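Colleague: For reference, the sequence and a predicted model appear below.
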Amino acid sequence: MNADSLLDLAPVVPVVVLDDADAAVPLARALVAGGLPVIELTLRTPAALPAIERVAAEVPDAVVGAGTVVRRADAEQAAKAGARFLVSPGCTPALRAAMADTGVPFLPGVATASEALALLEEGVTALKFFPAEAAGGIPYLKALGGPLPQVRFCPTGGVTVANAPGYLALPNVGCVGGTWLTPRDAIAAGDWARIEELARAAAALR
Ligand SMILES: O=C(O)C(=O)C[C@H](O)[C@H](O)COP(=O)(O)O
């Protein structure tokens, strides 16, 4: 798998904030059962790294990655924990180098044509578009596709079950990401059936 093929594995990538690493395995199983095998666990809580480790070891059908990669150490620790991909909200030359050094596929975040061009110069053609809705949403991405048809995006940030189909209809969108599949209250309650249902609805979007 490389970053470009990652965009084709599932129409929606659940972006997860976990408070308790014990929730990771049942959560990942529910998402996989609902049809969403690609899972981004954000490095925003101390539970994230052990959660990545457990999902990588115990849920072979999941493709678990790390989100909120913002420093070299994040990239290194996530790769060591078994992350199969890395996602960052934005990118700098140092962060790109750090992610590339891990050998793990990565999706750097961009929000402008210049940022996309800087990464294109380094051979990176799969990008996260963040924060998607706030940065201009569907019309903005459509406009970027004119001069930059070789770049494909995973829009994330303000994407919902309602606006996801519009993004997925764009030729330069491979998949979308969002937190709506894994509500914090459902995770806290261990309501895996609800999460599986949300995943199933999202998997059917395309
Ligand atoms: O953690 C990261 O690396 C990010 O870039 C941020 C997330 O992608 C957004 O927080 C998505 O959140 P929603 O808008 O609720 O779907």
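Modeller: Everything's here; your move.
Colleague: For this structure, which residues are neighbours of the ligand?
Modeller: Residues of the chain found near the ligand (C-beta under 6 Å from any ligand atom) are 15, 42, 67-68, 87, 89, 109, 130, 156-159, 177-179. In this view, the C-beta of every residue, glycine as well, is placed from N, C-alpha and C.
Colleague: Unless I misread the structure, V55 falls within a helix.
Modeller: Yes - counting by DSSP: H, G, I helix; E, B strand; the rest coil, V55 is found in a helix.
Colleague: Check the gap between it and G136 for me.
Modeller: V55 sits 33 Å away from G136, going by C-beta to C-beta, to the nearest Å.
Colleague: Which of the residues of the chain next to the ligand fall in strands?
Modeller: V15, T42, G67, V87, G109, G177, G178 (DSSP state E).
Colleague: Let me see the contact set for the first one.
Modeller: If I follow you right, that is V15. E40, T42, G67, T156, G177, G178, T179, T182 (C-beta atoms under 8 Å, 6 or more residues apart in numbering).
Colleague: Determine which two of those residues are furthest apart.
Modeller: Across these, the longest distance by C-beta to C-beta is 13.5 Å; it joins T156 and T182.
Colleague: Generate a PyMOL selection restricted to the buried subset of the residues of the chain next to the ligand.
Modeller: Buried members of these, defined by 16 or more other C-beta atoms under 10 Å, are picked up in PyMOL with:
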select buried, resi 15+42+67+68+87+89+109+130+156+157+159+177+178+179
